[in-house]
Every structure is written in C-alpha cells, then in structure tokens.
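# sequence below, structure please.
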Amino acid sequence: MVMSNKNERGAALIITLCMLAVVMLLAGSAVAISQYAERDSYTYADLSRSLYHAESAANRVYWLILNDRKKYPNRNIDFYDENIEQENGERYFADGKRRIFKKYGGEFDIKYKILDAVNGLNISGNSPHRDILMQNTSSNEDSHHHQILEQLAYKMQDYVDPDNIVRLNSLEKNEYIQAGLINLPRNSYLQYREELLLIPGNSAICIPDDSGRIGSIRLIAPKGLAAIIGRPNLYSTSLNQIAERCNLNSQEIGTLSSAMKKWQQNGTSLNDTLPKGFLQRLEMYYGTNESSFYTILIDTSASERPGIRLAVTFQLQFKNNPKIYFYEFMYY
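Coordinates of the predicted model:
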C-alpha cells in the first residue's frame, strides 16, 4: 500500500510538470504572436505611409520639372552647366541621375530618378518589329544573337498582322494553340509592352532594369493619349542597348560606362570625358534633347524598413492648371 502511494505521488508530479510545460509553451507562443503582430502592424504602417509619400513625391517632382522647364527653355542635356545649378539651386531634367529628398515629410529619405520616357525599343503601331530590325543591323549576320532577333522580329510581325501567313521561324494561330495560348496572336496592335512577354523568344530584348521594369521597351500609349514617339534619349537608355545599337567594342563600352558614371556622380559633361567624335557617333542614333514625356521612379525603401516603389509616366502639360494624363502609374 505504501509503495502504491509513492507511485501515485510520482505520477502526480510528472503530470504537474507537464502541465507547467504546456502553460509555459502557451505563454511563450502568446508572446511570440504578440510580437509578430506588433511588427506586422509596424510594417503595414510603414508601407501605408511610404505609399502616400511616394505619390506626394511624384507630384512634387512633376511641378519641379515644370518650373525648371519654364526657367531654362534649353533642354539639351549636353549643354548642362553646373555653374547654373550652383547659383540657382538644383536642376530637374531627364538625366537619369539618382536624387534624394532628404527627410521627406519630416520622416525619411526618398530616392528618385527622372528619365525621358522616349527611350527603349518602340513596339507600338503596325510595325512593332521595325526597331528590332534596326537594332539588328549592327550585329554579325552569322551570329546566334542576330538570328534570334531576326526570328523575334518575324514573330512580332505575325502577332499584329491580320493574316495567317507563316513566315520563316515565325508563329501563327495554330502554333499558339499548340503552345496552349488559344487566344493568340492578337492580329492587331500591341496594347501594352508587357504583352511582348507572350511571344516566345522575347528574352533577347525584354531585359529588366534595376527596378525590375522592362526598361528596354518603350511604353505603349493608352487609347486616347498621344503616342510616345521620337529618337530615344541617350541619358535614359541602358548601356547595353546603346552598345548594341552603335556596335561598340568592349573598350568603347568601358569608356562610355566610365563617362556615364562621372556624369551621374559629378555632372561632368560627356563632351569632356568622351574621345573626340565619340559623342557625335552616339548622337547618330540617340537624342540629347528632352521630350515632353517623363518617367519618374520613386523608391521609399531603406535597409532598416520596407517601402514602396512607384513608377509614373506622363506627358508634361504647359497650360494653366494642366490635367495630368498618366501613361503609367505602377506600384511594385
């Protein structure tokens, strides 16, 4: 009988310890969930604030550009004079430089860039393959890259034309059906640039930039808005695309990259850093005058907190109380 009581006391102790362990586990879980919910709440609040700040910053940049254009009608970036900036404050034009609003709204820094929206390959209209073929003229006809671009140009032509004539290495309705894309091709103009991702072989030109956008392809104007046309802006075009279009060798690419970095960091003109005749060679294909179309890239994120990125594209209006028509207003 005595032995039985001892066994029961030992069992009760074990049960008590197990119950204490369960209670401690539940308490620890409650604390962890509470901390997670608190951090999640802070994250959501940060994202909400950064969203409003991003929109506010984009609107502010719009008016800064408009004011800058009224003060300085000459919009040729080649003739940028840093002395004017030192005397009259920062200039705002489509130079692709990384800029910062310090402690925007009294809270945190906001990074932004101003680009000319007339950049990248133009795939709008009834000849979306035109710029690709022009891009391909400088490459070796026997090269694999040349053949890929040529095949993609034919596929794009078939994608928009109304007939079902299959060209060499191209795709028409039957080929899209076999690939599981039953509603393609469109047989009409492309409506947005991301539609190009539906055409096989697009990786040769759909190259994402450091923001994750397909910056190598020009935006297609929504219905009712003016087309974004003109010579692509040199300062808003990727180095790879410039090198391919102008047929630059590796040494020339390094020279241009170094010159662009000096321009970005110090505002040193390409006229002063590129060899004689180099800039004129680039300007055979690229312009240095601003258009009236702008893309603003806003980044509110930082290493210590999350944030929103915003891409805004518009045509600058010069009328009194202008209404802004957006070609792009995308959070990412």
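
# tell me where the stretch 1-150 of the chain has helices.
With helices called from DSSP state H, counting those that start in this stretch, the stretch 1-150 of the chain shows them at 2-71, 82-88, 130-136, 144-160.

# may I see the buried residues of the third one?
Read that as helix 130-136. Arg130, Asp131, Ile132, Leu133, Gln135, Asn136 (16 or more other Cβ atoms under 10 Å). Bear in mind the C-beta positions are built from the backbone N, C-alpha and C, glycine included.

# may I see the helices of the stretch 1-150 of the chain arranged in JSON lines, with distance to Lys111 as well?
Shown next, in JSON lines, are those (distance: least, Cβ to Cβ, whole Å):
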{"stretch": "helix 2-71", "distance to Lys111": "9"}
{"stretch": "helix 82-88", "distance to Lys111": "19"}
{"stretch": "helix 130-136", "distance to Lys111": "30"}
{"stretch": "helix 144-160", "distance to Lys111": "34"}
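
# weakest of these in terms of mean pLDDT?
Lowest mean pLDDT within the helices of the stretch 1-150 of the chain: helix 82-88, at a mean of 57.

# do you know how far Lys103 is from Ala58?
18 Å (Cβ to Cβ, to the nearest Å).

# now do Asp109
15 Å.

# so for those two, which sits in the more crowded spot?
More neighbours surround Ala58 than the other of Asp109 and Ala58, with 21 against 12 (other Cβ atoms under 10 Å).

# name the SS class of the closest residue to the more buried one other than its chain neighbours, please.
Nearest non-adjacent residue to Ala58, counting by Cβ to Cβ, 6 or more residues apart in numbering: Val312, 4.6 Å away. Taken by DSSP: H, G, I helix; E, B strand; the rest coil, the conformation at Val312 corresponds to strand.

# re the thing from before, closest one of the buried residues of helix 130-136 to Asn174?
Using Cβ to Cβ, Ile132 is the member of the buried residues of helix 130-136 that lies nearest Asn174, at 23.7 Å.

# in stretch 89-105, what counts as buried?
Arg91, Tyr92, Phe93, Ala94, Asp95, Gly96, Lys97, Phe101, Tyr104.

# ugh, typo on my part, it should be stretch 162-180
Under the neighbour-count rule (16+ other Cβ under 10 Å), stretch 162-180 has Ser170, Leu171, Glu172, Lys173, Glu175, Tyr176 buried.

# what's the span of it, first residue to last?
Terminal residues of stretch 162-180 are spaced 20 Å apart (Cα to Cα, to the nearest Å).

# repeat that for stretch 169-178.
Start-to-end, stretch 169-178 (Cα to Cα) is 15 Å.

# and it, how far from the chain's centre?
The chain centroid and the centroid of stretch 169-178 are separated by 30 Å under Cα atoms, centre = their mean, to the nearest Å.

# with stretch 210-227 instead?
10 Å.

# for that stretch, give me every contacting residue.
117-125, 190-194, 196, 205-209, 228, 232, 238, 240-241, 295, 297, 299, 309, 311, 313, 315, 325, 327-328, 330, 332 (Cβ atoms under 8 Å, 6 or more residues apart in numbering).

# recalculate using a threshold of 7 Å.
Residues from elsewhere that reach stretch 210-227, judged by Cβ atoms under 7 Å, 6 or more residues apart in numbering: 117, 119-124, 190-194, 196, 205-209, 228, 238, 241, 297, 309, 311, 313, 315, 325, 327-328, 332.

# between the buried residues of stretch 89-105, which is nearest Ile15?
Tyr104 (59.9 Å).

# what sits against the closest one?
Taking Cβ under 7 Å, 6+ apart as the contact definition, Tyr104 lies against His53, Ala57, Ile110.

# and for Ser257?
Leu239.

# how much space between Leu274 and Phe79?
15 Å.

# which parts of the longest strand along the chain are buried?
The longest strand of the chain (DSSP state E) is strand 108-116. Going by neighbour count (16+ other Cβ under 10 Å), the buried part of strand 108-116 is Phe108, Ile110, Lys111, Tyr112, Lys113, Ile114, Leu115, Asp116.

# same check on stretch 315-328?
Buried residues in stretch 315-328 (16+ other Cβ under 10 Å): Gln315, Tyr327, Glu328.

# neighbouring contacts of stretch 136-154?
129, 132-133, 135, 167-170, 201-202, 204-205, 244-245, 247.
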